[in-house]
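Participant: Predicted model follows, preceded by the sequence.
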Amino acid sequence: MNYYMEKSKIVKIFEKVQKIPYEVCKYEEENIDESINCGDCRHKTELLMKLLKKEGFEVKKQDVLFDWADLPFPPETIGILKESDTVWKHVAVKVKIGDKWIKVDPTWPRSLKKKGFPITENWDGKSDTKLVTDGKVEFFEKGECKVKPKLNKEEIHKFATALNQFVFA
């Protein structure tokens, strides 16, 4: 595949997945396909990987440590996490373009730009996209991150509900 065809395909696939509305919801890998109408980083990364593999791209999942506090949430939303850590694992994709691996993160749809989220626009298809946050992030090969955030189940459910309400408001 020549570079221009490759670039055009990867950008179209990325934009297709990026525009899926963000929502924290149940994750069942076997049910991830082009018919999903919402999803969080897990859903969107899985779909992006499936679509890119189908087009012949070499892809890998990548774990990313990030801090929810680096995102533009109202204080009361992030404040839900009292017993839980705010640094969590995120998942993104590494794609091989030519002889270079680039980081691709389709998590935030463009509609969240107005709320201050880091949004990839007019991506060139050959360099890293914007990531889950403009704050500090750490990358690990899938399964190599040994950090286990402290999570209180009740808090994370309340946080997910508040997060979904915020992004849809």
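Facilitator: Looks like it arrived, so ask away.

Participant: Give me the most central residue, this structure.
Facilitator: T107 (3.1 Å; CA atoms, centre = their mean).

Participant: now the nearest residue to it once chain neighbours are set aside: how far from E28?
Facilitator: Closest residue to T107 in three dimensions, ignoring its sequence neighbours and counting by CB to CB, 6 or more residues apart in numbering: C41, at 4.7 Å. Every residue, glycine included, has its C-beta placed from N, CA and C. According to CB to CB, to the nearest Å, C41 and E28 sit 15 Å apart.

Participant: cool, P118 as well?
Facilitator: Relative to E28, P118 is positioned 28 Å away (criterion: CB to CB).

Participant: A160 now?
Facilitator: 16 Å.

Participant: Where do the strands of this structure begin and end?
Facilitator: Assignment of strands within the chain using DSSP state E yields the ranges 59-67, 87-97, 100-104, 138-141.

Participant: low-scoring stretches of this protein, by residue?
Facilitator: Counting by pLDDT under 70, the ranges of the chain that qualify are 1-7.

Participant: Between A160 and E28, which is the more surrounded one?
Facilitator: More crowded of A160 and E28, by other CB atoms under 10 Å: A160, with 15 against 10.

Participant: what about the nearest residue to the more buried one once chain neighbours are set aside, how many residues close to it?
Facilitator: The shortest distance from A160 to any non-neighbouring residue, by CB to CB, 6+ apart, is to V24 (4.1 Å). V24 has 20 neighbours, counted by other CB under 10 Å.

Participant: Quick one: residues contacting V24.
Facilitator: D40, A160, L163, N164 (CB atoms under 8 Å, 6 or more residues apart in numbering).

Participant: Distance-wise, check it relative to W123.
Facilitator: Noted for V24: a distance of 24 Å to W123, by CB to CB.

Participant: Kindly report the same for A160.
Facilitator: 28 Å.

Participant: How about K26?
Facilitator: K26 is 29 Å from W123, by CB to CB.

Participant: Compare these two (neighbour count), which wins?
Facilitator: It is W123, of K26 and W123, that has more neighbours when counted by other CB under 10 Å, with 17 against 7.

Participant: ranges for the helices of the protein?
Facilitator: Per DSSP state H, the chain carries helices over the ranges 3-18, 41-54, 75-78, 153-168.

Participant: Save these as CSV, and put in distance to A69 too.
Facilitator: What follows is those, written out as CSV (distance: least, CB to CB, whole Å):
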stretch, distance to A69
helix 3-18, 24
helix 41-54, 17
helix 75-78, 6
helix 153-168, 12
